[in-house]
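Engineer: what's the 3D shape of this:
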Amino acid sequence: MTDRSVVVANAGSGKTHLLANRLVRWMLCARRDHGSASPERILAVTFTRKAAGEIVARVMRHLALGATDAAKREEFAREGQVGPFEQAEYAAVLAEFVAAMHRVNIGTIDGFFVQLASAFAPDIGLPEAWEIGAEDVLAAQRRDAIGRAIAGDVARATDLARRIAGGRPKPEVQTGMDEALDEALGLWQRCAAGEDPRAPWQALLQPGVVLFPGARRAKAEDIERAVEAMRRGPLPMTKSGTPVKHWVGAVARVTERAESGAWIDLIEDSLVQSLRTAGEFAGHPAPAPVQAALDVLVGHSLSTSESMVRSRLQATAELAAVVDAELRNAQREDGVLGFGDIASALARANAGGRLDAMRERLDRKICDLAVDEFQDTSPGQWSVLSPLVDEILATGDRRLLVVGDPKQSIYAWRGGTPALLGPLMERPELDQDVTLSDSWRSSPVVLDFVNALFGALPRAVRGSVLNEAMQAPPEALAGAGLPVPADAADGPLVRAIDAWTFVEHGAAERNRRMPGAVRAYRAAGGGREEVAQAVASIVAERVRERPGIGMAVLVRSNRDVAECAAAIRAHGIEASDEGRSPLEDSAAVAAVLGLLRLADRPDDRISHYLVTRVPAAALLGLEPMERHGGSAQADAAARGISRRVREDLAAHGLRGWLARITDMLRPACSRHDLERLRQLAVLVDGLDPSLAGCPGGVVRAAESHRARTGERSQVRVMTVHASKGLEFGEVVLASLGETMGAADADSSAFAALTPDPSRPPAAIAPIISAKLRNFSPLLEAFRREAQVAQASDDLSSLYVAITRAREAVHLVCPPPAAKDDPRPTATWLMRLALDGFDAAYRAARPGASFWSFARPDGDLGPLPARPADAVAAAAAPEAPAIEWVERAGAARAPSSHAPESGFFAREFLGDDDGARGTLAHAWFERIEWLDGAGPDPAIAGEAMAATALDVGRPVDAALASEVESVVAAACAGPVGAALQPGRYDAWGCERVEVRAELAFAAQLAGGMVRGRMDRVVLGIRGGRVERAEVIDWKTGARGLAGAALEERIAPYRAQMEDYRAALCAMFGLEPSCVAATLAMVERGELIDALRSSR
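Structural biologist: The predicted model follows:
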């Protein structure tokens, strides 16, 4: 059995099982050979705490099974598992492993590097006390470092910013620098691991390196002559003998740009570009005299462009060096670093190569090493681990296991380099090992689809226009004295696909008859909103058909997550938004930050308006901005709010103030709001308490903070990156029209030529505009290198997304573009690779399923039903969390029940805007229980303020007095009795609780019903809801009786039936345990809504 190997593991193929078995085997062998399992001498690293926890749990489970279950010991003894060991050996190793748990090294690679950094802190320049900083803290630290770099030499910083931006810097120097360093700083830190960090940045600055063939700086008089020659030169003529109009305009435009010195605009002009790429413009080649003059101008323009590119390279490297130095100083001063900074510091100090010192300082010898998810390892991380790997492979009795899969490398943006796997697999010291190809997760239908798509891609793409050959890339790189990738002549997609190790997928024995489905749908449009609508329709259909199935919607960006989650919720389906979104996607957080903005800037009218909207205004006691009668009064009110917030901050501190505001807003908060408020509290908890005196600083910290919500629904919406390591019953996959391998020009965009992935780059170049690249084969070659890396990441994202599904995949494709040429998108890859897909796609109707994957080995039957019974049982709550939703105006009923004549407000005769009914309802909403003395008079002010917000005007005093009398009279009779706890004594429950304005959404026999119930009383015993009553406040009908009264209330009976059904579904109750009562306020009467009077 092998003990030194690299294993390629397909998605869902049981790599955690393999890792656990190998670690168990290593410990059993160590105990057999040396008398001790020595678990502390094993280092096993992966990339997430969740994965590390799963490995530890599996190791303990396998040891326990080996110690207690003979059948499992026999299974573990098979080839490729643990090996033949006795029960007593398993038991002894288990005891030793548990006893040494505090020294066991199974964790994340970042965690191991933190241990190393602590051990080598003085060697790598860390202070005695240091910590890992949150993202927003690190971002602020970087901004401060840039600020210091600017302050050190303002004139120099301004010049660098100008050179980086090609002479067109941002209005704010610091903003321009921050954007320009977005990628460059990481590249600089990679280069810093080499002997000379400036060398890759200077590779294209060497004499003899030609960036733009044909670049020739012209003298002023030569430019003047060329301009004149173009103006006088012959132009292409029409059949009628007049100059071609497009040529006349283009010559005028180009000569004007030459005279004004707009050389970049000249080179990007349509005349110049068309002649360069097609040899003609407006259907005509350039006449010889004009072409000769244009060559002079273009040559000078290219010379200017070359100077600009060289200057940008020099300035970026210089700025990156200065900011990196300032950043490291700040890290030492603050004692705050990121995980990437730790890896870079260890790599620079060659900590991984000082193995004797490592053993001494960690107080342990690492004998055996296991690395999980190796494809996500960065060059910096590998430079720390590789000396240990070298030592293990050079020693006879030590063990190594590396598990990886280039197809699942989706973290190139944070340094993941799957190319590191290839050279490692070729090491002669390694043994041949298994390949994990069978999935324990997915249906054969899903796996056969993966084989059909990704197995056909190399042939399909290589034979298409997507494998675009670039302009002599080997010659361009070789001519600059640079290394040439072996496959440089191929297009980026082909190079990315060829770098994969694709092994055909099979299903594990237990899954070989599992039904499955892969279907494709066409959205109505390619925009974010149209795709989200298509996604929501598919989700709604799947939830109807299989209400118990767990689903994921996987997309490319956080913006897509928010759009799809909102579209799904609009269908009445709960969906958890699991993107890294701003905290202000919560109305509650927006209100809190609005208060802080007002405290910082009392003249911020937008914030004043936002914090005086319902429901925050009513809960915080704030008057609507528009009700102050004029701008002077509104400004005075804003200053008053600002002053009160500052006074409260001073009195209670930032944390105390936020806790008080949260408690005030809590009654109107949804689960999402409460989660976002919690995240804001955590953020505030980590801020300097002195920021209580700087509310604007708190707002800026919150604005830059991105976080996932903790909520989990049956339908989960997230990015593909967030889905790594998860699995779902069904997957809806969108973002299939996004370009793969995009590498767009930007002041922060650079490409690196890295022939040896374990070493720093050989050369770095900026990614310039496509129009400039038309004149530079060398810079086009560099851009292709960036495209290869991005295409690899994008292809892996597609693979990862599809393989998250156990049973079904639903592909949401955008419609064809007007010019339907092949493009590097997932949709086009399927059109090229899958039989019948292209024709079906072109003929598809928007919104409909147009293609289903047909399994070559035959159909496995329909997807099994997934009823919601299990979900409903799990949802039967113990004091349930209630989601509160802002009501729309005065309308209280669900849309599925509202009478045509209006609902609550119009039942009161009087104000057209419903103020009378809305005010009465506001009174009852604020009464939890009556104690026999009538409603609390203090409610009057709250009810008036809330009603004014609802109807958009102050409440008339006479109307307020009249409604107060109506409510008091009702509370003195049977309606009041319904508001006393004694009404529910007969239930025999431990306690009863009131839920006012209880929002709900329920899938009932007639479809989805949504709304809110006026008053719900819950009887709770043993932590479970056992009884319930819903009371609905009704007015009017004062003079009606008999059939006329029944006719009036008949529509409400259907409504109350649905309320009862919704409560049964929400709390797992039998219908007999739910009462429904109409409280006729002006009649002073209670009517059993579920029993007709006829």
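
Engineer: By mean pLDDT, which helix or strand of the protein comes out lowest?
Structural biologist: Every helix and strand in the chain was compared by mean pLDDT, DSSP states H and E; the lowest is helix 869-875, with a mean of 37.

Engineer: what about the stretch 551-700 of the chain, any weak spots by pLDDT?
Structural biologist: Segments of the stretch 551-700 of the chain classed as low confidence (criterion: pLDDT under 70) are 629-630, 690-692.

Engineer: circling back to that earlier point, pLDDT averaged over the helix or strand following the least confident helix or strand of the chain - what is it?
Structural biologist: From helix 869-875 onward toward the C-terminus, using DSSP states H and E, the following helix or strand is helix 915-925. Per-residue pLDDT over helix 915-925 has a mean of 83.

Engineer: Identify the structural domains in this structure and state their residue ranges.
Structural biologist: Taking automatic domain parsing as the domain assignment, the ranges for the chain are 4-126+365-436, 134-337, 444-511+737-852, 527-580+712-733, 582-707, 872-1088.

Engineer: Can you say which of those is nearest to Ala345?
Structural biologist: Comparing the domains of the chain against Ala345 with Cβ to Cβ, the closest turns out to be domain 4-126+365-436 (4.2 Å). For the C-beta atoms, the positions are set from N, CA and C on the backbone; glycine is no exception.

Engineer: Could you check which helix or strand contains Arg513?
Structural biologist: Counting by DSSP H and E, there is no helix or strand that carries Arg513.

Engineer: what's the answer for Leu1078, then?
Structural biologist: Take DSSP H and E as the rule and Leu1078 turns out to sit in strand 1074-1080.

Engineer: Can you tell me which of the domains of the chain is nearest to Arg866?
Structural biologist: Minimum separation from Arg866 across those (Cβ to Cβ) falls at domain 527-580+712-733, 3.8 Å.

Engineer: Now do that closest one: distance to the chain's middle.
Structural biologist: Centre-to-centre, domain 527-580+712-733 and its host chain are 12 Å apart (Cα atoms, centre = their mean, to the nearest Å).

Engineer: What about Arg676, how many residues nearby?
Structural biologist: Arg676 has 26 neighbours, counted by other Cβ atoms under 10 Å.

Engineer: What sits closest to it if chain neighbours are left out?
Structural biologist: Nearest residue to Arg676, sequence neighbours excluded (Cβ to Cβ, 6 or more residues apart in numbering): Ser586, at 3.6 Å.

Engineer: go on, Asp487?
Structural biologist: Across the structure, with Cβ to Cβ, 6+ apart as the measure, the residue nearest Asp487 apart from its sequence neighbours is Arg495 (5.1 Å).

Engineer: List the contacts of the one you found.
Structural biologist: Arg495 makes contact with Pro485, Asp487, Val788, Ala791, according to Cβ atoms under 8 Å, 6 or more residues apart in numbering.

Engineer: ok, the third one touching Ala496?
Structural biologist: Yes. The pair Val788 / Ala496 is scored as a contact, 5.6 Å apart, by Cβ atoms under 8 Å.

Engineer: can you list residues touching both of the two?
Structural biologist: With contacts defined as Cβ under 8 Å, 6+ apart, the residues adjacent to both Val788 and Ala496 are Gly741.

Engineer: how close does Gln189 get to Pro127?
Structural biologist: In this structure, Gln189 and Pro127 are 19 Å apart, going by Cβ to Cβ, to the nearest Å.

Engineer: Oh, that last question was meant for Pro846, not what I typed.
Structural biologist: Noted for Pro846: a distance of 60 Å to Pro127, by Cβ to Cβ.

Engineer: next one: Ala532
Structural biologist: As defined by Cβ to Cβ, Ala532 lies at a distance of 48 Å from Pro127.

Engineer: Neighbour count for these two, which is higher?
Structural biologist: Remark: of Ala532 and Pro127, Ala532 carries more neighbours, 26 against 14, as counted by other Cβ under 10 Å.

Engineer: which strands and helices sit next to whichever strand or helix holds that one?
Structural biologist: With the criterion set as DSSP H and E, the secondary-structure element containing Ala532 is helix 528-545. Counting contacts by 3 or more Cβ pairs under 8 Å, 6 or more residues apart in numbering; DSSP states H and E, helix 528-545 is packed against strand 517-522, strand 551-555, helix 558-569, strand 728-733, strand 805-813.

Engineer: mind putting the ones you listed in CSV, mean neighbour count and distance to Ala57 included?
Structural biologist: CSV is the format used below for the helices and strands packed on helix 528-545 (neighbours: other Cβ atoms under 10 Å; distance: least, Cβ to Cβ, whole Å):
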stretch, mean neighbour count, distance to Ala57
strand 517-522, 22, 32
strand 551-555, 28, 23
helix 558-569, 23, 30
strand 728-733, 24, 21
strand 805-813, 25, 21
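
Engineer: Ok, which of the ones you listed comes nearest Trp26?
Structural biologist: With distances scored as Cβ to Cβ, the stretch of the helices and strands packed on helix 528-545 nearest to Trp26 is strand 805-813 (31.9 Å).

Engineer: Do a quick rundown of the helices in the stretch 251-400 of the chain.
Structural biologist: For the stretch 251-400 of the chain, helices defined by DSSP state H, counting those that start in this stretch occupy the ranges 263-267, 270-278, 288-334, 339-348, 355-362, 379-393.

Engineer: between the longest one and helix 270-278, how big is the angle?
Structural biologist: Helix 288-334 and helix 270-278 meet at an angle of 90 degrees, taking axes from the mean of the first three to the mean of the last three Cα atoms, to 10 degrees as the criterion.

Engineer: gap between the residue nearest to Arg676 and Arg399?
Structural biologist: When Ser586 is compared with Arg399 (using Cβ to Cβ), they lie 50 Å apart.

Engineer: ok so, going back, in the helix or strand hosting the residue nearest to Asp487, which residues are buried?
Structural biologist: For Arg495, the host element (DSSP H and E) is helix 492-498. The neighbour-count check on helix 492-498 (16 or more other Cβ atoms under 10 Å) flags Pro492, Leu493, Val494, Arg495, Ala496, Ile497 as buried.

Engineer: Make a markdown table from these and add distance to Leu726 and pLDDT to it.
Structural biologist: Rendered in a markdown table, the data for the buried residues of helix 492-498 read as follows (distance: Cβ to Cβ, whole Å; pLDDT from 0 to 100):
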| residue | distance to Leu726 | pLDDT |
| --- | --- | --- |
| Pro492 | 29 | 89 |
| Leu493 | 27 | 90 |
| Val494 | 30 | 90 |
| Arg495 | 30 | 90 |
| Ala496 | 24 | 90 |
| Ile497 | 25 | 89 |
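
Engineer: per-residue confidence at the closest residue to Thr1077 other than its chain neighbours?
Structural biologist: Nearest non-adjacent residue to Thr1077, counting by Cβ to Cβ, 6+ apart: Ile1031, 4.9 Å away. In the prediction, the pLDDT value recorded for Ile1031 is 94.

Engineer: Okay, and Ile1031 sits in which element?
Structural biologist: strand 1024-1034.
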